[in-house]
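# sequence first, predicted coordinates after that:
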Amino acid sequence: MASKDRKYRLWYVPHDMSFRQRRRRFWDRFGEYQVVRANYNVKNDWYCKHSYFNYPDAESYHYINVTGWYYSMNPDGSEETLHMKKKEALFGPPDSDTWENWSNVVPWDELPAIPDRCIERFNCPGPLIWSEIDRREREQVTISRKVEEPEKEPEEHGELKKQKKRKSEQAGEHRAKKMRTGEEEIERPDEQESREKPEERKIGNKELEEKLRRKLEQKLKRKLGTKIEEKLRRKLEQKLERKLGVKLEEKLEEKLERKLKKKLEKRLEKQKQREAQGEAS
């Protein structure tokens, strides 16, 4: 295929130049062939020599002159000569890259972008590597930001710390008092409740009972209200279904009666016409 018509181009850089590069195989009407030599001549003429598998000793080549004339020698001995304009119109422009001696330096600027579909098809790890590099760079940036700007403790966290400090100080004072008096360091449950929840201790048992009763009454009212509404809705739906069903049945019966009446009237008219015709004859 011509170089301009290619969607993408893969560039192969050999690791060791002592090893021969793998030859590209092509197919033609005469069969499979390899390009033995493809280069520009001293006169800047493009010359391409072939070796066909079905014609091992045959001489075959493509030769394009500077003037634009295209000469081709086929392996069966036939020759073709036509102008490059016609050749380009039929087959596209000639492929003029020296494939046998590719340079170690990859011309990235000249190469077109390889689409992702080709990379996914051949399982090349290029995009994965670049995504991994981007991820690591982001991690480094976040680490550097953390080092430069230490995180500020949130307000809630600071308040909790203060509360813990106060509790520890109170516990230390309580222990010191007990050590002075000689009492045991056993805390009663009443004292713990008074420390942890002083507001609930202040409120009497009667007030708590009243609050609980109110909450329960509200919940019961809500539940009963919803149940009553559901029952009423169901009853209304059932009534509507019954009424609609009756109405539909009545309408259908009326339609059938009308149709039957029309059919009977038509039959009677036909009979009368026949009788009149019989009498006239």
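In hand now; what should we look at?
# ok, and what's touching stretch 237-253?
Where contact means Cβ atoms under 8 Å, 6 or more residues apart in numbering, no residue beyond stretch 237-253 reaches it. C-beta coordinates here come from the backbone N, C-alpha and C atoms, glycine included.
# quick check: mean pLDDT of that stretch?
In this model, stretch 237-253 has an average pLDDT of 75.
# cool, and stretch 169-187?
70.
# domain parsing for this structure?
25-114, 209-269 (automatic domain parsing).
# comparing those domains by mean pLDDT, which bottoms out?
Across the domains of the chain, the lowest-scoring stretch is domain 25-114, with a mean of 70.
# for residue 139, phi and psi?
Here is the backbone geometry of residue 139 (degrees, to the nearest 10): phi -60, psi -40.
# and for it, the neighbour number?
Close neighbours of residue 139, defined as other Cβ atoms under 10 Å, add up to 10.
# residue 46 now?
18.
# the nearest residue in space to it that is not next to it in sequence and residue 281, how far apart?
What sits nearest to residue 46 in space, not counting adjacent residues and going by Cβ to Cβ, 6 or more residues apart in numbering, is residue 64, at 4.3 Å. According to Cβ to Cβ, to the nearest Å, residue 64 stands 103 Å off from residue 281.
# who's more crowded, the two?
Counted by other Cβ under 10 Å, residue 64 and residue 281 do not tie: residue 64 has more neighbours, with 20 against 5.
# surely that one and residue 81 touch.
No - look at residue 64 against residue 81 with Cβ atoms under 8 Å: they stay out of range, at 10.9 Å.
# need the residues touching each of these two.
70, 71.
# mind checking the SS state of residue 58?
For residue 58, the assignment made with DSSP: H, G, I helix; E, B strand; the rest coil gives coil.
# that one touches residue 33, doesn't it?
No - with contact defined as Cβ under 8 Å, residue 58 does not count as touching residue 33 (10.0 Å).
# so what sits against both of the two?
In contact with both residue 58 and residue 33: 52, 75, using Cβ under 8 Å, 6+ apart.
# okay, these two: which has more neighbours?
residue 33 (18 against 15).
# quick one: the strands in this structure?
According to DSSP state E, the chain carries its strands in the segments 25-28, 31-40, 46-52, 60-64, 69-73, 79-83.
# show me what the fifth one is packed up against.
Based on contacts counted as 3 or more Cβ pairs under 8 Å, 6 or more residues apart in numbering; DSSP states H and E, the elements that strand 69-73 packs against are strand 60-64, strand 79-83, helix 84-91.
# that older thread, residue 257 versus the residue nearest to residue 46, what's the distance?
According to Cβ to Cβ, residue 64 and residue 257 sit 96 Å apart.
# about what we covered before: how far away is the residue nearest to residue 46 from residue 47?
For residue 64, the distance to residue 47 - Cβ to Cβ - is 8 Å.
# again with residue 136
Applying Cβ to Cβ to residue 136 and residue 47 gives a distance of 50 Å.
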